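Q: okay, sequence plus prediction incoming.
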Amino acid sequence: MTVRVQNEDFDVNAEIDALRGLSDEIGAIVTFTGTVRGRANGESLSAMTLEHYPGMTERELARVEAMALERWPLQGTTIIHRIGELEPGANIVLVVTASRHRQAAFDAAAFLMDYLKTSATFWKKEAAADGSGSWVDARESDDEALARWADPPA
Amino acid sequence: MTVRVQNEDFDVNAEIDALRGLSDEIGAIVTFTGTVRGRANGESLSAMTLEHYPGMTERELARVEAMALERWPLQGTTIIHRIGELEPGANIVLVVTASRHRQAAFDAAAFLMDYLKTSATFWKKEAAADGSGSWVDARESDDEALARWADPPA
Amino acid sequence: MKLTIKYFAWVREKVGVGEEQLDVPDDVTTVGDLAAWLATRSEAHANAFARADVIRAACDQTHAPPTAPLANVSEVAFFPPVTGG
Amino acid sequence: MKLTIKYFAWVREKVGVGEEQLDVPDDVTTVGDLAAWLATRSEAHANAFARADVIRAACDQTHAPPTAPLANVSEVAFFPPVTGG
């Protein structure tokens, strides 16, 4: 039930341990780490800047987290998203889910990422190695990924 | 492409960083950590012992890993499974997958866990708080989880 | 009607500012109306809203479609489709 | 036919040993035959193989059904369904 938006890097071990301590019924912990690719479609990246909508971002992340908690039996969730200037290879986003069984943890983590990608108010600007900058276009496949969750879980 | 069977604990950060260094195209890293539940079905656990079939276990894990690498575009995978005496709350198993995009990383990690659960030669014996010991029964739901992967991926 | 208007990412860059406090005419009653009215305010605004179909909006920090009413709203934001994660 | 037989988990506990080197009669040609023959060797073996339907097997460290032939096999293992992960 943690949401953080920050420039600082995160520590996956520390976030896993924070959830592990919440309940002695936890048997499965899934993490998703999104990173800045150093190369995409053959082009080298020199850096990425993450802009966001302060206030709304935190509200959206909390809303998405609440949806996951309502849908799956989770002992804990954490969402951390970095903003500002990030180097190639750097962490961008961390999602952690803890549950009794693995399927809920896997599904909830994928759900959180799909919703975050399409509703949390972040925008990426890539700086190419030649100094040019361009805003990243939204991917249609992200909308398609979201459609998977339209039906209630089995 | 790493498989390890060991009594020692593992370090999730270190394993993530090991995969991250393999390619500058990695954008998504998923980890699954399975832990010893301190309480299950209302009963307290004092410890768990993991027995395995040396030689065959490593072969099965390598086989399952090769299946995942053939099925998804992965930059790297790691499977670590602990054996011997483990305390409640302790780590049992770690699976890490790294890919360009999140869906392959999520699916491959879930696949590895489903196959590992039904084919890797490990057996859990639980010691209850009252000193009694019992071998854990296989769960039918694990066989059902495996059936999901019968069709080729979309 | 007094509104705080916020812009993000390339919408912000094209408009040239991140935020404006504006007194909006009474016949501007929806998010879509507001986008059309903003586009008339300067060449920079017109340029920013030229691709109005791809611009998203939020009213008081909640995602809102072009048909969303502005009644009782104090902050409206315009931005491209999000690309976080 | 000389075979190394391995037992794991509760099969091992019931048999009382983790490994045996045995000379197996020629009419024992499949994994299922071998389980039936092992069950006749002692009360402990009989007890271990009483629930033969739930016991799994591997030939030379590869999962094998009861119908699997023993020709050219040097190591056979019997164990309960796996419970790792």
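A: It's in.

Q: please tell me how far whichever residue of chain C sits closest to chain A sits from chain D.
A: Nearest residue of chain C to chain A, counting by C-beta to the nearest C-beta: C:Gly84, 2.6 Å away. (C-beta placed from N, C-alpha, C; glycine too.) From C:Gly84 across to chain D, the span is 32 Å (C-beta to the nearest C-beta, to the nearest Å).

Q: next: C:Lys14.
A: In this view, C:Lys14 and chain D are 52 Å apart by C-beta to the nearest C-beta.

Q: quick one: contacts for the closest residue to C:Ala71 other than its chain neighbours?
A: Nearest residue to C:Ala71, sequence neighbours excluded (C-beta to C-beta, 6 or more residues apart in numbering or on different chains): C:Thr29, at 7.4 Å. C:Thr29 makes contact with C:69-71 under the criterion C-beta atoms under 8 Å, 6 or more residues apart in numbering or on different chains.

Q: what about the spatially closest residue to A:Leu61 that is not a sequence neighbour, how many neighbours?
A: Counting by C-beta to C-beta, 6+ apart, A:Leu61 lies nearest to A:Val3, which is 4.4 Å off, once chain neighbours are set aside. A:Val3 is flanked by 19 other residues according to other C-beta atoms under 10 Å in any protein chain shown.

Q: let me see the contact set for A:Val3.
A: Neighbours of A:Val3 in contact, by C-beta under 8 Å, 6+ apart: A:58, A:61-62, A:65, A:78-80.

Q: parallel or antiparallel, which strands does the host helix or strand of it pair with?
A: Secondary-structure assignment from DSSP states H and E places A:Val3 in strand A:2-6. Its sheet considered, strand A:2-6 pairs with strand A:74-82 (parallel) by DSSP bridges.

Q: what comes up buried for the helix or strand following the partner strand?
A: Sequence-wise, the next helix or strand downstream of strand A:74-82 (DSSP H and E) is strand A:84-86. By 16 or more other C-beta atoms under 10 Å in any protein chain shown, the buried positions in strand A:84-86 come out as A:Leu86.

Q: for strand A:84-86, what is the average pLDDT?
A: Averaging pLDDT along strand A:84-86 yields 97.

Q: other SSEs contacting that strand?
A: strand A:43-52 (3 or more C-beta pairs under 8 Å, 6 or more residues apart in numbering or on different chains; DSSP states H and E).

Q: quick one: the strand it packs on to strand A:74-82, angle?
A: Relative orientation of strand A:43-52 versus strand A:74-82 (axes from the mean of the first three to the mean of the last three C-alpha atoms, to 10 degrees): 110 degrees.

Q: Provide a list of residues in contact with residue 28.
A: Picked chain A for this. A:98-102, A:104-106, B:32-35.

Q: right idea, wrong chain: chain C
A: C:Val28 makes contacts with C:1, C:34, C:37, C:70, as judged by C-beta under 8 Å, 6+ apart.

Q: give the burial count for the residue nearest to A:Gln103 when sequence neighbours are not counted, as a bare number.
A: Spatially, and ignoring its direct neighbours in sequence, A:Gln103 is nearest to B:Ala145 (6.8 Å; C-beta to C-beta, 6+ apart). For B:Ala145, the neighbour count with other C-beta under 10 Å is 20.

Q: got the residues of chain A near chain B?
A: Residues of chain A lying near chain B by C-beta under 8 Å from any C-beta of the partner chain: A:11-13, A:16, A:20, A:24-40, A:88-89, A:100, A:102-103, A:105-106, A:109-110, A:113, A:145.

Q: quick one, which of the residues you listed are buried?
A: Using 16+ other C-beta under 10 Å as the burial test, the residues of chain A next to chain B include A:12, A:16, A:20, A:24-38, A:40, A:88, A:100, A:102-103, A:105-106, A:109-110, A:113, A:145 as buried.

Q: can you check the pLDDT for the closest residue in space to A:Arg102 that isn't next to it in sequence?
A: Excluding the flanking residues, the one nearest A:Arg102 by C-beta to C-beta, 6+ apart is A:Ala28, at 4.1 Å. Looking at A:Ala28, its pLDDT reads 97.
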